[in-house]
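> Compute the structure for the input listed below.
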Amino acid sequence: MKHQETIYGLMAEFATAEQLVEAAHHTHEAGYRRIDAFSPFPIEELAEAIGFHSTRLPLVVLLGGMAGAAAGFWMQYYASVVSYPVNVGGRPLNSWPAFIPVTFEMTILFAALAAVFGMLIMNGLPTPYHPVFNVPRFALASRDRFFLCIKARDPLFDLGQTRKFMLTLNPREVTDIEV
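All right, here's what the predicted structure looks like:
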């Protein structure tokens, strides 16, 4: 029998999306929290079934947009008022309405960059290697099979007990995921 330190977790294979969603619900209800699911197409109910409810990415995008707005406005303010003030016809040096287009564009730029890099970081990408690729049948996850993984770092994970639990979900197969 394999030691818990040498495996990433256990993976169950299912034939249909409905079986996967039902198994994910049972797994989450049983108290497992370090679970992941894989399917060849998006399944709307699956995120809720595995307990994934929200992300902090919108906050990252908002903060990126606010930083972009501040940077765009400050860049123009510094150039027009501090670094190179030019008095044209007695107009104010801080002519903020003229700063709006660049400030808006910098807001969009920084928010978009925050979205891209925040998504990459939060998803742990790029990941050139993942232990689930050690499961030979996992190649079917991009075609017609559905997989549920309980990770070994889950507090409830016990190799024997978790395997017995996964077998109660009626999978086609339960496989160890080696590190």
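
> quick one, what contacts the spatially most central residue of the chain?
Against the mean C-alpha coordinate of the chain, by Cα atoms, centre = their mean, the closest residue is N123 at 3.8 Å. Contacts for N123 were tallied using Cβ atoms under 8 Å, 6 or more residues apart in numbering; there are none. Yep, even glycine has a C-beta here, placed from its N, CA and C like the rest.

> so what secondary structure elements neighbour the biggest strand by length in the chain?
Assignment by DSSP state E gives strand 7-14 as the longest strand of the chain. Contact analysis of strand 7-14 by 3 or more Cβ pairs under 8 Å, 6 or more residues apart in numbering; DSSP states H and E lists helix 17-29, strand 146-151, helix 159-167, strand 173-178 as its packing neighbours.

> Which residue, other than its chain neighbours, is closest to F138?
Nearest-residue entry for F138: V132, 5.4 Å, with adjacent residues in sequence omitted and distances by Cβ to Cβ, 6 or more residues apart in numbering.

> Kindly apply the preceding question to S80 instead.
L93 (5.7 Å).

> would you say the one you found is within a helix?
No: L93: not assigned to a helix; according to DSSP: H, G, I helix; E, B strand; the rest coil it is coil.

> burial of the spatially closest residue to A49 that is not a sequence neighbour, as a residue count?
Once flanking residues are discounted, A49 sits nearest to A24: 3.7 Å by Cβ to Cβ, 6+ apart. The local packing count at A24 equals 26, with neighbours defined by other Cβ atoms under 10 Å.

> quick one: secondary structure of the nearest residue to H28 once chain neighbours are set aside?
With sequence-adjacent residues excluded and distances taken as Cβ to Cβ, 6+ apart, H28 is closest to G51, at 5.0 Å. Assigned with three-state DSSP, G51 falls in the coil class.

> From A37, how far off is G51?
11 Å (Cβ to Cβ, to the nearest Å).

> In terms of packing, which of the two has more residues around it?
Remark: of G51 and A37, A37 carries more neighbours, 23 against 15, as counted by other Cβ under 10 Å.

> Domain map for the protein?
Domains of the chain are assigned by automatic domain parsing as 4-54+125-178, 57-122.

> roughly how far is the first one from the heart of the chain?
The one in question is domain 4-54+125-178. Relative to the mean C-alpha coordinate of its chain, domain 4-54+125-178 is positioned 17 Å out (Cα atoms, centre = their mean, to the nearest Å).

> Would you mind checking the average pLDDT for that domain?
Confidence over domain 4-54+125-178 (mean pLDDT, whole number) is 94.
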